[in-house]
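Q: The following comprises the amino acid sequence and a computationally predicted model.
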Amino acid sequence: MIGDNNNDILTQVVAGSTTAVFKTTLTQPFEYVKTVSQLRKSISGIKQTVAIQPVKTYFVGCSILNIGAILKTSARFGTFEQICQLMKTNNSKNNSGNNILTGWQIALAGIITGSVESLWIIPFENIKTRMIENSMIINDREFGIANDKKLHTTSNTTPIKGKTFHKIPKTTTIDALNPRYQAYLQYEKNPSVGMFNTIIETYKTRGLSGFVQGSMPTILRQIGNSMVRFTVYTSLKKLLVQPGEQINETIAFISGATSSIAVVSVTQPLDVIKTRMQSKNAWKSYKNSINCCYQMFITEGYMSLWKGSIPRLFKVGLSGGISFGIYQYVENLINLMRREGYLKPLE
């Protein structure tokens, strides 16, 4: 991608969007297992959940992620290309035509890209997490799995702890005065995995703030994802592809998959904290993301911050390989169609 002068916004958006639905749908079972692993607080609960699910359950949350993925992927490639082109233009002006990006410039482009794409995905990630959590509750009841009490508490006598929705006496319980908590109890008894029902549930139980829970770890994770992914991917391209040579889809796939392994290695704790902060009960369990990290470390051990690493590795690796591979294929196809006269060439 870097170094090809025939890239434009339309090519980037079309190529990026084409990959989004395909890769998100194909990797959704890994996303489901990863999220379940991060929400569960016991290994036995994870094994039971994964072992008994109907096939369709592994695709819960796929609908909302597909919508978010189209926006995220388009923003990812479009933003990264434009930032790189801007830096290359600046290099040319200051260094007598030298338009080769340095390592720190590629990393900076990755940071900016991660910041932009994270703004698109936070609401979709929140809804996806709650859809999967609702499916866990439903399947727990259907198959008789013992619930994790810390995750699925429906008692109507929960005392006030920390910040609440209203300023009320400490001796009064939240559910006695808070309509959101009453809605929370209702949806705990009758959860739904439908996308629109989950959106309504989120609004009724948490308001607009429910769509932006876990923003800090999500942004940090996306920045880390993009910075590591594009730095490793671009470095591999320089190593495997000769200057001026067009990258083929196989090398793009291998480079994308390899960069994804690096992504998981660096950002997994942020992904776990993000999932916990986006859960239905995060408002009762954690004050903020830092408190969430501290509580997990103290009560569950430091390895809890690496829950879901294996399914995420498969998911991110496959997703990265598909994303870069199909993107490169569609980009090459569009460029070929321009050369053959089927599309208007770039001015």
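A: Sure, I can see it.

Q: avg pLDDT for stretch 262-279?
A: Average pLDDT, stretch 262-279: 92.

Q: Could I get the buried residue list for that stretch?
A: Applying a neighbour-count criterion of 16 or more other C-beta atoms under 10 Å, the buried positions in stretch 262-279 are 262-264, 267-279. Any C-beta I mention is one placed from the backbone N, CA and C, and that applies to glycine too.

Q: Then stretch 180-197?
A: Under the neighbour-count rule (16+ other C-beta under 10 Å), stretch 180-197 has 180, 181, 182, 183, 184, 185, 187, 188, 191, 192, 193, 195 buried.

Q: Compile those residues into CSV and extend it with columns for distance to residue 105.
A: Compiled in CSV, the buried residues of stretch 180-197 are given as follows (distance: C-beta to C-beta, whole Å):
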residue, distance to residue 105
180, 47
181, 50
182, 53
183, 49
184, 47
185, 52
187, 48
188, 49
191, 47
192, 47
193, 44
195, 40
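
Q: quick one: which of those residues is nearest to residue 71?
A: residue 195 (15.5 Å; C-beta to C-beta).

Q: quick one on the thing from earlier: restricted to helices, list the buried residues of stretch 180-197.
A: Members of the buried residues of stretch 180-197 lying in helices (criterion: DSSP state H): 180, 181, 182, 183, 184, 185, 187, 188, 195.

Q: mind putting the residues you listed in JSON lines, distance to residue 141 included?
A: Formatted as JSON lines, these follow (distance: C-beta to C-beta, whole Å):
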{"residue": "180", "distance to residue 141": "23"}
{"residue": "181", "distance to residue 141": "21"}
{"residue": "182", "distance to residue 141": "21"}
{"residue": "183", "distance to residue 141": "20"}
{"residue": "184", "distance to residue 141": "17"}
{"residue": "185", "distance to residue 141": "16"}
{"residue": "187", "distance to residue 141": "14"}
{"residue": "188", "distance to residue 141": "11"}
{"residue": "195", "distance to residue 141": "21"}
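
Q: of all those, which comes closest to residue 53?
A: For these, the minimum distance to residue 53 (C-beta to C-beta) is 18.6 Å, reached by residue 195.

Q: who are the neighbours in contact with that closest one?
A: Each residue near residue 195 by C-beta atoms under 8 Å, 6 or more residues apart in numbering is listed here: 63, 64, 127, 131.

Q: Count the neighbours of the second one for me.
A: The one in question is residue 64. Residue 64 is surrounded by 23 other residues when neighbours are defined as other C-beta atoms under 10 Å.

Q: And for the first one?
A: Other residues within reach of residue 63 by the criterion other C-beta under 10 Å amount to 19.

Q: any idea how far it is from residue 25?
A: If you measure residue 63 against residue 25 using C-beta to C-beta, to the nearest Å, the figure is 10 Å.

Q: ditto for the second one
A: Using C-beta to C-beta, residue 64 is found at 12 Å from residue 25.

Q: Give me the helix or strand of the protein that scores worst on average pLDDT.
A: Confidence across the helices and strands of the chain bottoms out at helix 174-177, with a mean of 55, counting by mean pLDDT, DSSP states H and E.

Q: what about residue 24, distance to residue 71?
A: According to C-beta to C-beta, residue 24 stands 12 Å off from residue 71.

Q: These two: which is more packed in?
A: Residue environment comparison for residue 24 versus residue 71 gives the larger neighbour count to residue 24, 26 against 17, counting by other C-beta under 10 Å.

Q: Can you give me the first-to-last residue distance of stretch 206-216?
A: Between the opening and closing residues of stretch 206-216 we find a distance of 18 Å, counting by C-alpha to C-alpha, to the nearest Å.
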